[in-house]
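Engineer: Quick one: sequence plus predicted model below, questions after.
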Amino acid sequence: MRSVENFQFIACGTAYHAALVGRGLLEHFGISAAADFASEFTDRARLLGKGTLVVAISQSGETADTIFAVREAKAAGARVLAITNTVGSTLTREADYVLHTHCGPEIGVASTKAFLGQLAAIYLVAGHFAAVKGRLDKTDARAYADELLRIPRHIEEILVREPEIEKIAASFSSSEHFLFISRRLNFPIALEGALKIKEISYVHAEGYAAGEMKHGPIAIIYKGMPLLAVAPSSSALDLMAGNIEEAKARGADVVAIVDEVSRKTIKAARYIVLPHTKEIFSPLLTVIPLQLFAYHVALAKKCDIDKPRNLAKSVTVR
Ligand code: M6R
């Protein structure tokens, strides 16, 4: 850890969204990090330096794009840390270091608990690294760990609210298009919310950086378009509130994912209210209602949730 200067995440699909959270988290601590799709990594691999730790994230540990990218990174002289759920997988054999997420077998094609497990591992790595590099002193490191330990209880509180989420999802069961927007550390969660609904409900969904909406995509909003705005307490909350107003003015039907504090700032037709946590930990909570939302939209549409069409659990071709 002491010899690591910066991080390069590589992953695919949902694991890539976890990687984006990892990048944001490390940057929050002032540590340089990049995140790339493993399938688009080729040229960047050649630019890796010795001080870069490559973090390859893969639930299955068998994703061909990720394994190929790891080989390229190693050929360039980089060290590789694998974060995977699968003991003995190809990725564990190729990597220099391995962190197992131990989520248990994930049967459904759509990655859910594996995503949270990946995030948990990333939060541990980032917190530890920040402490090693002196970016978190002893007291702050303790507070960081304590907040992380409170997350499972918060998740249980969210799960109790599933019937509310089901009701909102049912009201959108015939919608053909969904938008998910957010900012900063929750932008990857907007991407993940959109991916989940695409995978298991077969509807068009886009995750977008809220601030980018005005640069083009706002044109697609029509009256009644479902828009899920991930807006927990954050230093970008006022900007987020403005983006939600812009979408509402074009007719978006907004469901805001807020916490008890940010709810006072965000004006939406409907809310999913989460327990409050510090800004940097919020992705661990905001993704839960989006996973449940996708599940209930798919259920209402009578889709096969565990085995969605056209998809395989592990993608072993490039
Ligand atoms: O096994 P992996 O984590 O490497 O898989 C990567 C992606 O194929 C995977 O996350 C995919 O996007 C999921 N089906 C998403 O739910």
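Structural biologist: Thanks, I have the structure now.
Engineer: Identify, by residue count, the longest helix of the protein.
Structural biologist: helix 138-159 (DSSP state H).
Engineer: which residues sit against that one?
Structural biologist: 120, 123-124, 127, 130-131, 136, 274-275, 277-278, 281, 284-285, 288-289 (Cβ atoms under 8 Å, 6 or more residues apart in numbering). (Glycine included, C-beta is placed from N, CA and C.)
Engineer: hmm, try it at 6 Å
Structural biologist: 123, 127, 131, 274, 275, 278, 281, 284, 285, 288 (Cβ atoms under 6 Å, 6 or more residues apart in numbering).
Engineer: check contacts around the last one.
Structural biologist: Translated: residue 288. Taking Cβ under 6 Å, 6+ apart, one finds 155, 158 in contact with residue 288.
Engineer: How many residues are close by residue 91?
Structural biologist: A count of neighbours around residue 91, defined by other Cβ atoms under 10 Å, yields 24.
Engineer: Surely it and residue 81 touch.
Structural biologist: No. Using Cβ atoms under 6 Å, residue 91 is not in contact with residue 81, being 10.5 Å away.
Engineer: quick one: which of the contacts of helix 138-159 sit in helices?
Structural biologist: 123, 127, 131, 284, 285, 288.
Engineer: Among those, which one lies nearest to the ligand?
Structural biologist: Checking these against the ligand by Cβ to the nearest ligand atom gives residue 288 as the nearest, at 14.8 Å.
Engineer: do you know how far that closest one is from residue 192?
Structural biologist: Counting by Cβ to Cβ, to the nearest Å, the gap between residue 288 and residue 192 amounts to 11 Å.
Engineer: ditto for residue 202
Structural biologist: In terms of Cβ to Cβ, residue 202 sits 17 Å off from residue 192.
Engineer: of these two, who's got more company?
Structural biologist: A direct count of neighbours by other Cβ under 10 Å for residue 202 and residue 192 places residue 192 higher, at 30 against 14.
Engineer: element containing the more buried one, please.
Structural biologist: Taking DSSP states H and E as the criterion, residue 192 maps to helix 187-201.
Engineer: Can you list the neighbours in contact with that helix?
Structural biologist: 17, 20-21, 110, 178, 180-182, 205-207, 209, 230, 283, 286-287, 290-291, 294, 297-298, 301, 303, 305, 308.
Engineer: Closest residue of the stretch 201-318 of the chain to the ligand?
Structural biologist: Counting by Cβ to the nearest ligand atom, the stretch 201-318 of the chain gets nearest the ligand through residue 315, at 4.8 Å.
Engineer: which residues does that residue contact?
Structural biologist: Contacts of residue 315 (Cβ under 6 Å, 6+ apart): residue 63.
Engineer: and the residue of the stretch 1-150 of the chain found nearest the ligand, what is it in contact with?
Structural biologist: Proximity of the stretch 1-150 of the chain to the ligand (Cβ to the nearest ligand atom) peaks at residue 13, 1.9 Å away. Residues near residue 13 by Cβ under 6 Å, 6+ apart: none.
Engineer: same check, this time on the one 4 residues further on
Structural biologist: The neighbourhood of residue 17, defined by Cβ under 6 Å, 6+ apart, consists of 188, 191, 192.
Engineer: Including distance to residue 54 and pLDDT, could those residues go into TSV?
Structural biologist: As requested, the contacts of residue 17 are arranged in TSV below (distance: Cβ to Cβ, whole Å; pLDDT from 0 to 100):
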residue	distance to residue 54	pLDDT
188	19	98
191	21	98
192	22	98
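Engineer: which of the contacts of helix 138-159 tops the neighbour count?
Structural biologist: residue 274 (25 neighbours).
Engineer: Let me know whether it touches residue 260 as I believe.
Structural biologist: No. Using Cβ under 6 Å, residue 274 is not in contact with residue 260, being 7.9 Å away.
Engineer: Identify the contacts common to these two.
Structural biologist: Going by Cβ under 6 Å, 6+ apart, no residue sits against residue 274 while also sitting against residue 260.
Engineer: What separation do you get for the residue of the stretch 151-300 of the chain found nearest the ligand and residue 313?
Structural biologist: Closest residue of the stretch 151-300 of the chain to the ligand, Cβ to the nearest ligand atom: residue 199 (5.5 Å). As judged by Cβ to Cβ, residue 199 and residue 313 stand 12 Å apart.
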